[in-house]
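Student: here is a sequence with its predicted model. Questions after.
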Amino acid sequence: MSRKAIMTLLAVMLSFMVAFPVLAGAPEFGNVVEGQSVPGIVALGFTRADIEAAYGPPEDCTDLSYYVEGGPYPRGIDGLCDFDVNGGGQVSVYYEDFDGNPAQGTPDDIVFSIRWTQAVGGWTTTAGVNTTLALDNFEAVADAYPNTEVTNTSLFSTRIRDYELGIQITRSVSIYNNALVSVSMSIFFPGPPPPPREKQLRVVEIDLSIVKRDVKAAVRIRDDLTLPVSGARVEATWTLPDGST
């Protein structure tokens with residue numbers, strides 16, 4: 001092929017690339033390294049600029065905030081950004097500033113966690129776990145991570161979290177959408193598990209029945225995760241009209 005023909009071919013190819021740019025986004029398939037990285041050569045500790053160089057501009061960004069008594073507590077400008085995944089689904093990237101404080105919405109904010117849902121079935125961890133397996137056989141996920149903490153975060157949600165590896169898988173059942181099952185996975189910086197948390201209990205219902213001088217009470221108790229508690233010790237005092245108890 002002559003040099004002129006090669007130059008003409010290159011010109012046509014460049015023109016085609018300009019007319020039809022390569023779509024940005026996260027790859028459909030790839031390996032997840034727990035506590036480190038996800039497909040697309042994207043890792044925890046990357047800057048916001050690094051992420052956008054790999055995935056392109058985000059589909060959407062929102063401020064992060066935590067709700068505490070008295071109102072929301074701000075936790076970062078554009079602290080959460082969603083990116084499309086080629087083939088379907090989205091990946092969510094969580095940012096903080098360089099010192100671990102709330103994100104400032106600047107290019108040098110740092111990634112501290114990355115999360116994706118069941119639509120992204122082509123991302124597989126080094127333990128062989130992906131969202132498809134988590135949907136079909138959640139027990140196998142727990143077996144793949146034997147050192148995990150398994151927590152019922154609500155009546156309809158179960159979480160597997162390995163602090164030392166930096167991986168979390170959550171399986172939820174929607175009571176409002178025909179018992180639809182959903183799964184999410186995320187990676188975060190590895191570290192030791194937090195100290196055991198003492199549950200805060202509260203009484204949510206008391207049913208009383210009285211027969212002569214006998215008073216019976218059925219007490220329903222839930223913890224601070226709204227889960228029912230059995231075996232709790234309940235103390236009560238009933239005072240009669242004559243002042244006796």
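Tutor: Yep, it's here. Numbering: from 1, shown residues only.

Student: residue contacts, Ser172?
Tutor: 154, 156-158, 181-184 (Cβ atoms under 8 Å, 6 or more residues apart in numbering). Glycine gets a C-beta too; all of them are placed from N, C-alpha and C.

Student: could you say which helix or strand holds it?
Tutor: Assigned by DSSP states H and E, Ser172 falls within strand 167-173.

Student: please identify the pairing partners of that strand and their relative orientation?
Tutor: According to DSSP bridges, strand 167-173 forms sheet pairs with strand 157-162 (antiparallel), strand 181-188 (antiparallel).

Student: going by neighbour count, list what's buried in that strand.
Tutor: Buried residues in strand 167-173, defined by neighbour count with 16 or more other Cβ atoms under 10 Å: 167-172.

Student: could you do stretch 32-50 as well?
Tutor: 32-35, 37-40, 42-44, 46-48, 50.

Student: which of those fall within helices?
Tutor: Among those, DSSP state H puts 48, 50 in helices.

Student: now, among the buried residues of stretch 32-50, which is nearest to Leu64?
Tutor: Arg48 (13.5 Å; Cβ to Cβ).

Student: count of residues packed around the nearest residue to that closest one once chain neighbours are set aside?
Tutor: Spatial nearest neighbour of Arg48, chain neighbours left out: Asp109 (4.5 Å); criterion: Cβ to Cβ, 6 or more residues apart in numbering. Using other Cβ atoms under 10 Å, Asp109 has 26 other residues around it.

Student: any idea how far Asp109 is from Gly87?
Tutor: From Asp109 across to Gly87, the span is 27 Å (Cβ to Cβ, to the nearest Å).

Student: where are the low-confidence patches of the chain?
Tutor: Applying pLDDT under 70 to the chain picks out residues 1-23, 66-75, 153-155, 177, 179, 197, 225.

Student: about what we covered before: got CSV for the strands paired with strand 167-173, with distance to Ala218 too?
Tutor: Putting those into CSV (distance: least, Cβ to Cβ, whole Å) gives the following:
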stretch, distance to Ala218
strand 157-162, 27
strand 181-188, 33
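
Student: Pro195: which of those is closest?
Tutor: strand 157-162 (14.9 Å).

Student: one step back: which members of the buried residues of stretch 32-50 are positioned in strands?
Tutor: 32, 37-38, 42-43 (DSSP state E).

Student: any chance you could map the helices in this structure?
Tutor: 3-19, 48-55, 131-136, 138-144.

Student: for the second one, packing partners?
Tutor: This means helix 48-55. On a contact count with 3 or more Cβ pairs under 8 Å, 6 or more residues apart in numbering; DSSP states H and E, helix 48-55 meets strand 42-43, strand 80-84, strand 90-96, strand 110-117.

Student: what inclination does it have with respect to strand 110-117?
Tutor: Helix 48-55 runs at 40 degrees relative to strand 110-117, counting by axes from the mean of the first three to the mean of the last three Cα atoms, to 10 degrees.

Student: outside of helix 48-55, which residues touch it?
Tutor: Contact partners of helix 48-55, identified using Cβ under 8 Å, 6+ apart, comprise 24-26, 40-42, 58, 81, 83, 91, 93, 95, 106-111.

Student: now which of these would you call buried?
Tutor: 25-26, 40, 42, 58, 81, 83, 91, 93, 95, 109-111.

Student: domains of this structure?
Tutor: What automatic domain parsing lists as the domains of the chain is 30-188, 198-245.

Student: against Arg213, how distant is the residue lying farthest from the centre of the chain?
Tutor: Distance from the centre of the chain peaks at Asp242, with 57.4 Å (Cα atoms, centre = their mean). Distance of Asp242 to Arg213, given as Cβ to Cβ: 11 Å.
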